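Undergrad: Got a predicted structure here, sequence first:
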Amino acid sequence: MIEALARAGADVFRLNFSHGTHAEHAVRHAAIREVEQRLGRPIGILIDLQGPKLRVGTFATGKEVLEAGQRFCFDASASPGTAERVYLPHPEIFAALQPGHHLLVDDGRLRFKVLTVSNDCIATEVVVSGTISDRKGVSVPEASLSIPALSPKDRADLEFGLSLGVDWVALSFVQRAQDVIEAKTLIKDRAAVMAKIEKPQAVDNIASILEVVDALMVARGDLGVEMPPEDVPLVQKRLVRLSRDAGKPVVVATQMLESMTGTPTPTRAEASDVATAVYDGADAVMLSAESASGSYPVEAVAMMARIIRRTEADPLQRQLMNAVAAQHVANPTDAIGAAINTISDVLPLGAAITYTSSGATALRISRVRPRTPILSLTPNVGVARRLALVWGVRSRVSPDARQIEDIVSIASDAANAEGLCECGRPLVVAAGVPFGQPGSTNLLRIVWPSELTTDGAVSTPASSI
């Protein structure tokens with residue numbers, strides 16, 4: 001099934017550590033790596049940490065029906081709950097809430113307005129009625145909680161995932177940049193870090209979060225619980241734009257093709273939703289239940305891939321990308337990225353090929369969304385797998401280069417292997433001298449088909465810029 005999903009279009013697989021055991025995740029990780037070997041292309045693996053879970057205690061009868069307008073207390077007593085009260089084992093919530101704030105329970109199905117707060121009771125009025133039951137989750141959208149982004153479970157899951165050799169770590173319920181910094185201190189460059197934006201506090205602090213994180217995920221499901229649903233589309237567009245400006249990959253996630261958990265085709269609204277994320281400029285779109293537990297996982301991936309291809313073939317999508325063009329930084333890498341974008345508008349390129357040790361060159365070229373595939377060559381398999389997430393990038397592991405002609409020859413061989421030379425179009429190659437030094441991209445060469453032999457070697461000096 002994993003191979004079928006990869007062949008249908010999946011580039012990155014998410015292991016959700018809110019479910020399953022370490023042993024089960026290890027089996028899935030090994031299966032993905034086996035598929036990667038069979039397909040001969042890098043596949044990224046992302047672990048999604050559960051994050052701190054805030055829950056009420058238990059009830060004497062297992063559940064209670066609450067009516068709008070009645071009083072209800074969240075208290076510090078561990079005794080079983082009743083129709084008037086329930087245990088809330090989170091002192092940080094008591095410390096953060098103020099009268100007028102709201103408590104949400106069970107993904108917002110029940111809503112409570114805070115009346116008073118003391119050391120042992122948060123007195124509330126039920127605003128939205130419903131049934132409250134054992135250990136349902138609690139959200140506090142209007143308060144910033146003094147809790148770490150990584151729970152003890154998350155720390156154990158993180159270390160296990162890193163021992164497997166995963167490529168991306170997704171942090172849940174990020175509120176501030178310090179949450180990312182703490183995780184990066186533990187990870188120590190063993191994987192890239194993605195912040196899941198699912199709380200209003202993270203949206204408020206997005207500028208500082210983007211400075212320290214490697215990628216963002218717009219986790220619209222939890223965002224829709226913690227803020228008005230009508231605000232989520234605006235936040236999505238803003239986060240995608242800010243991520244692109246920062247040169248950080250951004251993933252749009254949650255309920256994209258939700259109906260395909262039980263039907264072989266999506267609703268027209270869902271197809272439009274996926275297309276909207278592509279029009280906005282997202283690097284990746286993510287399936288959840290559709291591929292994890294749905295009845296049509298391969299069909300869902302194939303459908304998503306078809307929507308992406310069709311949308312990117314629309315001239316309007318190119319116009320929108322140009323209309324919201326990312327701002328350049330005054331450095332050689334961005335200058336070369338801008339040049340590649342211009343060249344791709346003038347010449348029908350087969351591919352823009354980057355030779356990179358850290359992946360930074362491919363990221364900076366991707367952010368300008370050139371009108372050409374980006375083929376990233378790197379001697380580091382970990383970098384190749386991380387780049388599988390990035391817009392427009394095909395990634396390959398390649399041998400080290402020692403001189404400029406090595407780079408051109410290696411690039412030409414890789415383009416041939418990817419089928420990017422069959423159209424007879426020129427290639428543009430970006431690299432850095434001295435070789436293997438991150439941040440040294442300073443070379444751009446145009447390689448014409450007539451300058452290549454049948455095996456991809458350079459037969460005459462290539463054009464250069």
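TA: Structure received.
Undergrad: Now do the lengthiest helix in the chain: distance to the chain's middle.
TA: Secondary structure of the chain per DSSP state H: the longest helix is helix 22-39. The chain centre lies 20 Å from the centre of helix 22-39; the measure is Cα atoms, centre = their mean, to the nearest Å.
Undergrad: Can you name the residues in contact with it?
TA: Helix 22-39 is contacted by residues 2-3, 6-7, 13, 15, 17, 42-43, 45, 47, 157, 160-161, 164-166 when judged by Cβ atoms under 8 Å, 6 or more residues apart in numbering. Every C-beta, even on glycine, is put in place using the N, C-alpha and C of the backbone.
Undergrad: got it, and stretch 264-272?
TA: 256-260, 296, 299-300, 303, 307.
Undergrad: and of the residues you listed, the nearest to Val324?
TA: Nearest to Val324 out of the contacts of stretch 264-272 is Ile307 (Cβ to Cβ; 20.5 Å).
Undergrad: Run a quick neighbour tally on the closest one.
TA: Residues near Ile307, counting by other Cβ atoms under 10 Å, number 22.
Undergrad: Helix, strand, or coil at it?
TA: helix (DSSP: H, G, I helix; E, B strand; the rest coil).
Undergrad: Quick check: it touching Thr276?
TA: No - here Ile307 lies out of contact with Thr276, judged by Cβ atoms under 8 Å, at a distance of 10.2 Å.
Undergrad: which residues are common contacts for those two?
TA: Between them, Ile307 and Thr276 share no contacting residue, judged by Cβ under 8 Å, 6+ apart.
Undergrad: For the closest residue to Lys184 other than its chain neighbours, which residues are in contact?
TA: Once flanking residues are discounted, Lys184 sits nearest to Val193: 5.7 Å by Cβ to Cβ, 6 or more residues apart in numbering. Val193 makes contact with 168-169, 171, 180, 183-184, 187, 213-215, according to Cβ under 8 Å, 6+ apart.
Undergrad: Format the contacts of stretch 264-272 as TSV; extra columns: pLDDT and distance to Lys199.
TA: Converted to TSV, these look like this (pLDDT from 0 to 100; distance: Cβ to Cβ, whole Å):
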residue	pLDDT	distance to Lys199
Met256	96	20
Leu257	97	25
Glu258	96	22
Ser259	97	27
Met260	97	28
Tyr296	98	32
Glu299	98	33
Ala300	98	28
Met303	98	30
Ile307	97	29
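Undergrad: which of those lies closest to Phe74?
TA: Closest to Phe74, out of all of the contacts of stretch 264-272 and judged by Cβ to Cβ, is Glu258, at 31.4 Å.
Undergrad: residues near the closest one, how many?
TA: The number of residues near Glu258, taken as other Cβ under 10 Å, comes to 19.
Undergrad: Next, it: phi, psi?
TA: In terms of degrees, to the nearest 10, the main-chain angles of Glu258 are phi -50, psi -40.
Undergrad: That one against Glu290, yeah?
TA: Yes - taking contacts as Cβ under 8 Å, Glu258 lies within contact range of Glu290: 6.8 Å.
Undergrad: Neighbours of Asn416, how many?
TA: Asn416 has 16 nearby residues by other Cβ under 10 Å.
Undergrad: again, but for Glu211
TA: 12.
Undergrad: same thing with Ser398?
TA: Other residues close to Ser398 by other Cβ under 10 Å number 21.
Undergrad: quick one, what contacts it?
TA: With Cβ under 8 Å, 6+ apart, Ser398 has these contacts: 355, 377-379, 410, 414.
Undergrad: which stretches of the stretch 301-450 of the chain form strands?
TA: 351-355, 374-378, 393-397, 427-432, 441-447 (DSSP state E, counting those that start in this stretch).
Undergrad: What of the stretch 51-200 of the chain?
TA: 63-66, 71-75, 85-87, 102-105, 110-117, 121-128, 130-133, 138-139, 168-171, 192-197.
Undergrad: Please export the alpha-carbon coordinates of the fifth one; CSV is fine.
TA: This file holds the C-alpha atoms of strand 110-117, laid out as CSV (Å, rounded to 0.1, in the frame of the first residue of the first chain):
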residue,chain,number,x,y,z
LEU,A,110,-19.3,22.4,24.2
ARG,A,111,-18.5,26.1,25.0
PHE,A,112,-18.2,27.7,28.4
LYS,A,113,-17.9,31.4,29.4
VAL,A,114,-15.7,32.0,32.4
LEU,A,115,-17.4,33.9,35.2
THR,A,116,-14.9,33.8,38.0
VAL,A,117,-11.5,32.1,38.6
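Undergrad: Can you pull out the low-pLDDT segments for the stretch 301-450 of the chain?
TA: 325-326, 401-404, 422, 433-440, 450 (pLDDT under 70).
Undergrad: quick one, helices of it?
TA: Using DSSP state H, counting those that start in this stretch, the helices of the stretch 301-450 of the chain run over 315-323, 332-346, 360-366, 381-386, 404-417.
Undergrad: Just say which of those is most tucked in.
TA: Each of the helices of the stretch 301-450 of the chain was scored by mean neighbour count; the highest is helix 360-366, a mean of 26, by mean count of other Cβ atoms under 10 Å.
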